[in-house]
Structures are given as C-alpha cells and as structure tokens.
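> Here's my sequence, what's the structure:
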Amino acid sequence: GYAYVDCELISAKITTTICNSDGSITAYAPQGILHSWYDGSTGDSLIITDPSPAQLYTLQIGSASTCELNLDFSFEDFLPSAYFDEDILCDKNVVFNNLSSGPFPLTYSWAFGDGAVEASENPNHSYSAVGSYQVILTASDPNNCKAHHTENIIIIEPPHAFINIEEHCIFQPTILSGIVNTPNATIISYEWKIDDITISNTQSTTFTITDAGYHEITYSIKDVNGCMDSVVQQIFIANDPECDPDQPLVFAPNSFTPNGDGINDNFEIITDEKTESITISIFNRFGALVYTGKSWNGLNSPEGIYGYLITFTSANKRYSRHGTVTLAR
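Residues are numbered from 1 along each chain as shown. Model prediction:
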C-alpha cells in the first residue's frame, strides 16, 4: 500500500508470515518509517500470538509533529474461524454441531472439559455427571493457522418420576400422589392416566375407580428443558364389603348338579338384604351367551365348565363379579 509520510506519498506496506508453527503470525513494519504498533511497541516486527480473523490490527506511522496516519490490516482472508453450537440431550448426552470455516481444509480437536478429547468434526459426547464443563474447539489448517472457540455448557439431571397410591377400593377415592425425585427440577407439565385414559394434569390427584380388578396407572412429567420421565404401576381395586359398606355380601357356588334330586339342582346366587337387583349371565367355553336370568337350571346344557357374570345393585350402585361354575350330573 501507500501512505502520506511527512506529507509526501511513499510506499508503506505491512508484510506478514502465514502462520508460525505455534499458530502465531509475525507482522513486519515498512522499513525506514517511524512507526508504532497497536500495542505501543516500536520494533521492526511484532508476533501476534493468537490472531483472530475478526480483529482489525493497526500500525501507526509518521509522527504527530509532521504527518501521522494508521495502516490497518487483518487476517480474515487466510485464517480459519472456529465456532460450534450444541444440543444437550436429556440423558447427559451432547451433540456438537461444528460451524467452523476457513479458506483451507480444516482438522479439529475437541476438549470436552471432563478430560476427554476427540478429533472428529461433529462429535457426540456423553457426560457421566451433572455440572458445568468448559468445551474448547480448535480448528487447524495445513499452514499451522489455528482458531479456537470456547463455551461453558451445563449438564443437568433429567427429572425422575415416582408415585405413591393410597386406597385400592372400588367406589372409594384413590389418592394418586406424584413425586419428582430430582432436586431443583422445574416441572412444567404432569399427566395421570388410568388404563390409558387421561384423568388429570396436576402433580397429585384423587380418582374414584368403579371397576374392580387390575388397573394400570401411568404418571408422566416434563421439565422446563423438555426432558420427560414416566412411571407405570399396576394396582388392584378390591370389590368387597370392607371397601364399600353399601356393597352386599354375595356368594356364588363353584358347581351344581341339575339331576332332579332336589339337591343343588340350580346355579343360584346367595346374597343379603342389601341387594336390590341381580342378574346372572352364563357363557359356554366358546364365549357364547347361553343364559340370562336369576337362577340357571342347566337342563339344556351339557356337562362342563361355564363362565358367569353377576351384576347386582345396592344403594343405587352397580357391582359385578365373574368366575366359573362346573355343571355335573
């Protein structure tokens, strides 16, 4: 380039090496001209230990008593640039996205802050513990030029869901308590399901189950980072008078003998005075309905094992029982 020195136009050019073996760059001032580097030094050359393609460097030439001006120079045309972003997954795994660039092919060196290093372009790294880690990416080209990018990432513990369930009785409130066993977790959504049907979106809830037997309870949570966890538990809802004082006592025999001798000729249900209505449904081994009523005599049916479903009401509540009975002659 050219510059006016002592108000005369003369040649004034800064020359540089590409990159030294340690990644630094040596800049040389024009000969025979009074000068001062941007750091205040006045030597004929200056070693720039960590050059950046984004920075503008300045050499002041001349003096204030005569003519003075600045020569600006940069290395954006031949230095690489290092940068990355990352996706922190919920299992302490991090996917790094390398966004580095440069005029020459680049190789990479990663330091993940936990003692591990890697040389791939877009690494995937798993951390063994929560905490803050300093990640350093170094991009190098064939001319010994290097660029660095450093970020601190925070690995958090994903949420862990637990449940506590109280009361397992039909027609009685079942208390469903959700527990998040992760300190400092910020939970933004909850979901309770019973037999795959959503019943609540609160941390804890109460629900009355009207069907006896086994039921599947699912509790799901999601934190502010989008990390989720769920827990599934089976509960048994009992159907007996100890659970519901309105439920009548019901007894169903396991066999009967319809042979006309007047002894145990019919399949009948024994119950107490609380029962308001009762219906018996009988099914053969193929699942076909063979009888509906209050007392089955079995006269037109062959010997064998039959399934039954008993439905009965008490205090305006509907109950059911099922089982098998043997018909023998």
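
> quick one: buried residues of the helix or strand harbouring Thr292?
Using DSSP states H and E, Thr292 falls within strand 289-293. The neighbour-count check on strand 289-293 (16 or more other Cβ atoms under 10 Å) flags Tyr291 as buried. Any C-beta I mention is one placed from the backbone N, CA and C, and that applies to glycine too.

> which secondary structure elements does it contact?
If you count contacts as 3 or more Cβ pairs under 8 Å, 6 or more residues apart in numbering; DSSP states H and E, strand 289-293 packs onto strand 277-283.

> can you pull the buried residues of the strand it packs on?
Buried residues in strand 277-283, counted by 16+ other Cβ under 10 Å: 278, 280-283.

> With stretch 298-316 instead?
Neighbour-count burial for stretch 298-316 flags 298, 306, 308, 310, 312-314 (criterion: 16+ other Cβ under 10 Å).

> same deal with stretch 163-171?
163, 167, 169-171.

> How about the secondary structure of the nearest residue to Thr16 once chain neighbours are set aside?
Using Cβ to Cβ, 6 or more residues apart in numbering and skipping residues adjacent in sequence, the residue nearest Thr16 is Ala27, 4.7 Å away. Taken by DSSP: H, G, I helix; E, B strand; the rest coil, the conformation at Ala27 corresponds to strand.

> tell me the contacts of Ala27?
Ala27 makes contact with 14-16, 37, 45-46, 48, 57, 59, 73, according to Cβ atoms under 8 Å, 6 or more residues apart in numbering.

> For Ser128, state which of those residues is nearest.
Proximity of the contacts of Ala27 to Ser128, judged by Cβ to Cβ, is greatest for Ile48, which lies at 39.0 Å.

> burial of the residue nearest to the closest one when sequence neighbours are not counted, as a residue count?
Nearest residue to Ile48, sequence neighbours excluded (Cβ to Cβ, 6+ apart): Ile25, at 4.8 Å. Counted with other Cβ atoms under 10 Å, residues neighbouring Ile25 total 21.

> Confirm for me that Ile25 is in contact with Thr15.
No - between Ile25 and Thr15 no contact is recorded; they are 10.9 Å apart, counting by Cβ atoms under 8 Å.

> related to what we said a few turns ago, among the buried residues of stretch 163-171, which one has the lowest pLDDT?
Across those, the bottom pLDDT score, 64, is held by Glu167.

> can you pull the contacts of the most centrally placed residue in the chain?
The structure's the chain has its C-alpha centroid closest to Cys227; by Cα atoms, centre = their mean the separation is 2.9 Å. Contact analysis of Cys227 by Cβ under 8 Å, 6+ apart lists 90, 156, 158-159.

> Then Glu121?
By Cβ under 8 Å, 6+ apart, the neighbours of Glu121 are 98, 108.

> ok, back up a step: dump the contacts of Ala27 into CSV; add distance to Gln233 as well.
Shown next, in CSV, are these (distance: Cβ to Cβ, whole Å):
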residue, distance to Gln233
Ile14, 74
Thr15, 75
Thr16, 70
Trp37, 72
Ser45, 74
Leu46, 70
Ile48, 65
Tyr57, 66
Leu59, 74
Phe73, 69
